[in-house]
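**Q** what shape does this take:
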Amino acid sequence: MTIRRILIANRGEIAVRIIRSCEKLGIETVLCVSEADRQSLAAAMATRAVCIGPASPAKSYLNIDAVMQAAIGYHCDAIHPGYGFLSERADLARICEQEAVTFIGPTAAQIEAVGDKLRARSEAIAADVPVVPGGPVESPEGARRLAEAIGAPLLIKAVGGGGGRGMKLVEDLADLTATMDMASAEAGAAFGDARVYIERYVREGRHIEVQLLGDGKGRVVHLGERDCSVQRRYQKLVEETPAPHLPPATREKLLAAAVRFAERLDYRGAGTVEFLYDVARDEFYFLEMNARIQVEHPVTEMVSGVDLVAEQIAIAAGEGLRLHQEEIFLTGAAIECRINAEDPARDFMPSPGTVASASWPNGEGIRVDTHIVDGAKVPPFYDSMIAKVIAHGPDRAAALTRLRAALAATRIEGIATNLAFQRDILADADFAEGGVDTGFLARMMAKEDA
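**A** Sure thing, here's the model as predicted:
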């Protein structure tokens, strides 16, 4: 099929990113906007923008009926959901299938298969992909038996969630029941699903994920891995590729495992399989699959030269995979910093407002994905990320040098941001060495407070 017009059901920098790929492909764009985003950069760039509701996400960007009405009313061939919001909602993908509107992403069945953490874990086991020791719990007695078999410390995790919500650490098994109750209540409130499961807690773990593309018919290619271990409260702040100091044999096994998992699902489109790498054991475990484009996809694009959004569109249009594994070459290293409208001095409180001025870096190997220009409004209703600054170089040291210079040249006036905090991360000796684990940022902040 030919895709001539795409409805973009998202906002901010990812909407701008999708529009730019569509412009290169000669595809018209219809952008869904809330009342708060009528004057946004993405609204100005799109072929046309249509307001689908008030500022509240529940009444605009999360409103499936409004999105579908816009797609059908403006005769769009396809919907691109970006990331977040409706990107992993099987309901939207299913309605698209019913209405003959192409969903630029996986099938509804595939979203359901990976959206339920326990089902995804079962699929991983079936694909011979290692999983963290643990499993589901249905009663306090069952939880106690499983916890004793695994041993403390362990994690309680929400079946239907992510982003750290519904996730609790248990250091002492005497606290298991009370902590499970808290995790279950939090998961129910956040995701409408109170189910939880238990896993071994890996003290020195790294978050490593693999970027995949699948044709929906069993053929899958990978575009290398990304290390996303620099996290605050389970939210990623810095991402890079390749993962520093990962043993080559482990890397090959990890990449192959990700491909096997997606092949089992006959996965369609772009997706990311996430792993926890146990540094002490030199072992990796399946965590989850994100059935969408990732925030951190630019680092993969920088080292591969592949436009992942364009490939998403091509797959959705029925062209299948336009790349074979042996045609994908990964060159050099790339590192990305997320710039957020939040104030580190006030416990990272969001900092909405008007950007008086914004000056972004440029130069060899530098890329900036943003929707922020002079006078841009940062509404209080959405995620606080306002930009991603990415640097590519022939090796990690060169990429890091370029990224440090890029952040030093970045200026944002009118709102508080985490820009200085990101500069501190890049200046840290442990980060410069590479291969930090997910506890790095907490240790760095504790050291600064001491």
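
**Q** tally up the residues packed near the residue lying closest to Val159 once chain neighbours are set aside, please.
**A** Leaving aside its sequence neighbours, Val159 sits nearest to Arg195 (Cβ to Cβ, 6 or more residues apart in numbering; 4.0 Å). Every C-beta, even on glycine, is put in place using the N, C-alpha and C of the backbone. For Arg195, the count of nearby residues is 20 (other Cβ atoms under 10 Å).

**Q** likewise Glu327?
**A** A total of 9 residues lie near Glu327 under the criterion other Cβ under 10 Å.

**Q** relative to Ile315, how far out is it?
**A** 16 Å (Cβ to Cβ, to the nearest Å).

**Q** you'd agree the residue nearest to Val159 is up against Lys157?
**A** No: applying Cβ atoms under 8 Å, one finds Arg195 not in contact with Lys157, separated by 9.9 Å.

**Q** excluding sequence neighbours, find me the nearest residue to Cys337.
**A** Nearest residue to Cys337 in three dimensions, chain neighbours excluded: Gln422, at 4.5 Å (Cβ to Cβ, 6+ apart).

**Q** same thing with Pro298?
**A** Distances taken as Cβ to Cβ, 6+ apart place Ile390 nearest to Pro298, at 4.8 Å, with adjacent residues excluded.

**Q** quick check: phi and psi at the residue nearest to Cys337.
**A** Backbone torsions for Gln422, taken as degrees, to the nearest 10, come to phi -60, psi -40.

**Q** show me what contacts it?
**A** Shown in contact with Gln422 (Cβ atoms under 8 Å, 6 or more residues apart in numbering): Leu237, Val238, Cys337, Arg338, Ile339, Leu407.

**Q** need the contact list for His75.
**A** Neighbours of His75 in contact, by Cβ under 8 Å, 6+ apart: Arg5.

**Q** tell me which element the residue of the chain most remote from its centre is part of?
**A** What lies farthest from the middle of the chain is Glu141; by Cα atoms, centre = their mean that is 35.4 Å. Using DSSP states H and E, Glu141 sits within helix 140-150.

**Q** same for that helix, what does it pack against?
**A** For helix 140-150, the packing partners by 3 or more Cβ pairs under 8 Å, 6 or more residues apart in numbering; DSSP states H and E come out as strand 134-136, helix 176-191, strand 196-200.

**Q** closest to Thr2 out of these?
**A** Closest to Thr2 of those, according to Cβ to Cβ: helix 176-191, at 37.5 Å.

**Q** buried ones in that closest one?
**A** Neighbour counts over helix 176-191 (16 or more other Cβ atoms under 10 Å) mark Leu176, Thr179, Met180, Ala183, Ser184, Glu186, Ala187, Gly188, Ala190, Phe191 as buried.

**Q** tell me the contacts of the residue most central in space within the chain?
**A** By Cα atoms, centre = their mean, the chain has its centre lying nearest to Gln294, at 3.7 Å. By Cβ under 8 Å, 6+ apart, Gln294 lies in contact with Tyr83, Glu209, Gln211, Thr272.

**Q** I'd assumed the second one was in a strand, is it?
**A** Think Glu209. Yes: using DSSP: H, G, I helix; E, B strand; the rest coil, the assignment for Glu209 is a strand.
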